[in-house]
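J.: Test case, fold it:
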Amino acid sequence: MSYFKHHVFFCCNQREPGNTCCNDHKATVMQTYAKDRIAALGLKGRGKIRINKAGCLDRCDEGPVLVVYPDNVWYTYVDQDDVDEIINEHLVHGRIVERLRLADNP
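T.: All right, here's what the predicted structure looks like:
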């Protein structure tokens, strides 16, 4: 069994001005929000959920992006409501949010 049920990585990369990057879309703010939300729901810790920042996940043109492991499901999002939907549907209830899911082979 994995240490965490789900490990979520938010791309929080910041590139030079003029280059597309997830952090231009408030990725760090959304990662902090998700981390706090998971804690508030009592879902943080061993056997539960871990929310992390990541450097470049190499999908910035589709961003902002996050990936949920071990499910290997990639998402994009626009705002806090999208992040809440990913938390509630995927992380809590195990249902992939198809409208936010990124294709495996873009």
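J.: which residue packs closest to D104, ignoring adjacent ones?
T.: Nearest residue to D104, sequence neighbours excluded (CB to CB, 6 or more residues apart in numbering): W74, at 7.5 Å. C-beta coordinates here come from the backbone N, C-alpha and C atoms, glycine included.
J.: Could you grab the helix/strand/coil label for the one you found?
T.: Recorded secondary structure, W74: strand (DSSP: H, G, I helix; E, B strand; the rest coil).
J.: hey, where'd the helices end up in the chain?
T.: Here the chain has its helices, by DSSP state H, at 27-40, 80-85.
J.: Now render those as CSV, adding mean pLDDT and mean neighbour count.
T.: Below are the helices of the chain laid out as CSV (pLDDT from 0 to 100; neighbours: other CB atoms under 10 Å):
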stretch, mean pLDDT, mean neighbour count
helix 27-40, 97, 18
helix 80-85, 98, 16
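J.: Dump those to CSV, plus distance to Y69.
T.: As requested, the helices of the chain are exported to CSV (distance: least, CB to CB, whole Å):
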stretch, distance to Y69
helix 27-40, 14
helix 80-85, 17
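J.: that older thread, which residues does the residue nearest to D104 bridge with?
T.: When assigned by DSSP bridges, W74 has beta-bridge partners V67.
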